[in-house]
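**Student:** model this:
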Amino acid sequence: MTAARRPNIVLILTDDHAAHAIGAYGSVVNRTPRIDEIAAEGRVLENCFCTNSLCAPSRASILTGAYSHVNGVTTLGAHIDASQPTFVSALRESGYRTAIVGKWHLGDGAPHDPQGFDYWDVLVEQGEYFDPTFLSAEGRRTVPGYATDVITDLALEWAEQQEGDAPWCLLIWHKAPHRPWEPDEAHKGMYSDPIPVPATFGDDYATRTSAAHRATMRVADDLTLEDLKEYPPPGLTYEETALWKYQRYMEDYLACVASVDDNVGRVLDWLRGRELFDDTLVMYSSDQGFYLGDHGWYDKRLMYDEALRMPLLVSYPRQIPADGTRLGQIVTNVDFAQTILEAAGVAAPERMQGVSIWPQLTSDPERPTRDAMYYRYYEHGDSNHGVFSHYGVRTERHKLIYFTADGEGQPWTSNLVFTPDWELYDLVEDPDELRNVVHDPAYAEVRDELIDLLARVQREAGDTPHPSQALMDPRT
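**Tutor:** Numbering: from 1, shown residues only. As a prediction, this is how the structure comes out:
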């Protein structure tokens, strides 16, 4: 191969893998040596955020390089129009061979099945951990084995078949570590020793609005027997039972992550064994973050950093220096598409709304990206989690959230409308986001500036405020 050859691209995407459960991000609960190899060979993005912390919407934004209100996938019930431009279709039109294996979860049927791929073999809906059902152009079939292993097997089988010099792009999109966290026998029980409990596990939401109080994502109260897989020991107090549930949840969650880590290693070993690693853009990410007992929660959705932050590790030895540089600029999942296309020398469709971070990854690590990121969560009051719809803006220092508490007729939302409200956090003075200061006079000027900033980033994204915002403006 020569340096002029366009890179092969491998995007490994997991589901609900929190950055703080990765060694390269300083995890204190587990080890991820193979995922960390990508960090050692390239870059760690420290402030990569999703623009809608929910599986299908995030995956749609990664593919299309567009916000949820533009690509149409706002909730889990809003299925993608798969004919719209994606970075994959742009790569294919430029001569790349393209494939996706694993979790799709963007709808089934002709309008929603993957398009722009030479080969696609995806799980049906959420998919199963054991003996998963796959859908391809040839129809459905059940594949024996553990989903994380099977997805890797099928992906490497396709890669093995690629001959000649034409570059290829392979998406390996895992189910794990999504609920209900079912580990395989090889990893089951490997985290049976006591797992550190986050400092915010007992958060009482004292300064927050009703959105946090109403969310049904509490480890203590809302994990099911399917999640836990066994009854708690008898005789425990409520507090003791909550801690027991946390340990059970985390033991299985981290075991699922360990299987992912091993399979990431399989991909890296395959690339190295065929002398392809130096000429391959390898990206590891998750479709959003996840609460690992933080604030007493599991799941995601709410715009606090544990759910907002996505891991993003990138290597490409031919172009990206392995010098330990960690990028702190604000990056979002909407930026993935244009970054990949610039790496491949392919023009991005005008419809894409992100910012390529290829210069920051390669030659100019200090170059700014954006001063703030825009977030909007639409799936108001769903029956399983009860999270209010909201939108907001995050800067390096502050976060402003407006809870619209209104489904606005979006798919899979409640028709109940609640009182809207605001939250504001100082991420330097209060990195755990425990103290809502939106009505603190000391933050009045900051709050007012952030309301204006929110209007700006919302306008730049082509979105519009909820009608109630003008009525609930705290400046009036």
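**Student:** longest helix of this protein?
**Tutor:** Identified as the longest helix of the chain according to DSSP state H is helix 238-273.
**Student:** give me the buried positions along that helix.
**Tutor:** Along helix 238-273, these residues count as buried under the neighbour rule (16 or more other Cβ atoms under 10 Å): 242-265, 267-268, 270-271. All C-beta spots, glycine's among them, are computed from the backbone N, C-alpha and C.
**Student:** now do stretch 432-445
**Tutor:** Judged by neighbour count using 16+ other Cβ under 10 Å, the buried positions of stretch 432-445 are 432-434, 436-438, 443.
**Student:** ok, stretch 405-421 next?
**Tutor:** Within stretch 405-421, the residues that qualify as buried are 405-407, 410, 412-414, 417-418, 420-421, counting by 16+ other Cβ under 10 Å.
**Student:** save those residues as JSON lines, and put in distance to residue 312 and secondary structure too.
**Tutor:** Putting the buried residues of stretch 405-421 into JSON lines (distance: Cβ to Cβ, whole Å; DSSP: H, G, I helix; E, B strand; the rest coil) gives the following:
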{"residue": "405", "distance to residue 312": "31", "secondary structure": "coil"}
{"residue": "406", "distance to residue 312": "32", "secondary structure": "coil"}
{"residue": "407", "distance to residue 312": "31", "secondary structure": "coil"}
{"residue": "410", "distance to residue 312": "28", "secondary structure": "coil"}
{"residue": "412", "distance to residue 312": "28", "secondary structure": "coil"}
{"residue": "413", "distance to residue 312": "29", "secondary structure": "coil"}
{"residue": "414", "distance to residue 312": "33", "secondary structure": "coil"}
{"residue": "417", "distance to residue 312": "36", "secondary structure": "coil"}
{"residue": "418", "distance to residue 312": "34", "secondary structure": "coil"}
{"residue": "420", "distance to residue 312": "32", "secondary structure": "coil"}
{"residue": "421", "distance to residue 312": "32", "secondary structure": "strand"}
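**Student:** pretty sure residue 275 sits in a helix.
**Tutor:** No. Assessed with DSSP: H, G, I helix; E, B strand; the rest coil, residue 275 is coil; it does not lie in a helix.
**Student:** and the gap between it and residue 249?
**Tutor:** Look at residue 275 and residue 249: by Cβ to Cβ, to the nearest Å, they are 42 Å apart.
**Student:** burial measure for the closest residue to residue 136 other than its chain neighbours, as a count.
**Tutor:** For residue 136, ignoring the flanking residues on the chain, the nearest one in space by Cβ to Cβ, 6 or more residues apart in numbering is residue 121 at 4.5 Å. Residue 121: 24 surrounding residues under other Cβ atoms under 10 Å.
**Student:** what comes into contact with the host helix or strand of residue 121?
**Tutor:** Using DSSP states H and E, the element containing residue 121 is strand 119-123. Outside strand 119-123, the residues that touch it by Cβ atoms under 8 Å, 6 or more residues apart in numbering are 98-105, 113-114, 132-137, 147, 154, 158, 173, 175.
**Student:** name the next helix or strand downstream of it, please.
**Tutor:** Scanning forward in sequence from strand 119-123 by DSSP H and E, the next helix or strand is strand 133-136.
**Student:** show the average pLDDT along that following strand.
**Tutor:** Averaged across strand 133-136, the pLDDT comes to 98.
**Student:** strands paired with it, and their directions?
**Tutor:** Strand 133-136 pairs in its sheet with strand 119-123 (antiparallel), strand 139-142 (antiparallel), by DSSP bridges.
**Student:** from residue 158, how far out is the residue nearest to residue 136?
**Tutor:** Counting by Cβ to Cβ, the gap from residue 121 to residue 158 is 8 Å.
**Student:** find residues that contact each of those two.
**Tutor:** Among the neighbours of residue 121, those also in contact with residue 158 (Cβ under 8 Å, 6+ apart) are residue 101.
**Student:** for residue 220, which non-adjacent residue is spatially closest?
**Tutor:** Spatial nearest neighbour of residue 220, excluding adjacent residues (Cβ to Cβ, 6+ apart): residue 242 at 3.6 Å.
**Student:** mind checking pLDDT for the one you found?
**Tutor:** Reported pLDDT for residue 242: 98.
**Student:** before we move on, what about residue 475?
**Tutor:** Per-residue pLDDT puts residue 475 at 89.
**Student:** got it, and residue 323?
**Tutor:** So residue 323 comes in at 89 (pLDDT).
**Student:** what about it, how many neighbours?
**Tutor:** So residue 323, with other Cβ under 10 Å, has 8 neighbours.
**Student:** over to residue 109?
**Tutor:** Residues near residue 109, counting by other Cβ under 10 Å, number 8.
**Student:** Three-state assignment for it, please.
**Tutor:** Using three-state DSSP, the structure places residue 109 in coil.
**Student:** buried sites along stretch 184-191?
**Tutor:** The neighbour-count check on stretch 184-191 (16+ other Cβ under 10 Å) flags 184, 187-188, 191 as buried.
**Student:** and those residues as JSON lines, adding secondary structure, distance to residue 82 and pLDDT?
**Tutor:** Shown next, in JSON lines, are the buried residues of stretch 184-191 (DSSP: H, G, I helix; E, B strand; the rest coil; distance: Cβ to Cβ, whole Å; pLDDT from 0 to 100):
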{"residue": "184", "secondary structure": "coil", "distance to residue 82": "31", "pLDDT": "98"}
{"residue": "187", "secondary structure": "coil", "distance to residue 82": "34", "pLDDT": "98"}
{"residue": "188", "secondary structure": "coil", "distance to residue 82": "36", "pLDDT": "97"}
{"residue": "191", "secondary structure": "coil", "distance to residue 82": "38", "pLDDT": "96"}
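**Student:** most widely separated two among those residues?
**Tutor:** Maximum pairwise distance in the buried residues of stretch 184-191, criterion Cβ to Cβ, is 13.7 Å, between 184 and 191.
**Student:** quick revisit: what's the closest of the strands paired with strand 133-136 to residue 203?
**Tutor:** Residue 203 sits nearest to strand 119-123 of all those, at 34.2 Å, using Cβ to Cβ.
**Student:** on that earlier part again, between the buried residues of stretch 405-421, which sits nearest residue 84?
**Tutor:** Nearest to residue 84 among the buried residues of stretch 405-421: residue 410, at 18.6 Å, using Cβ to Cβ.
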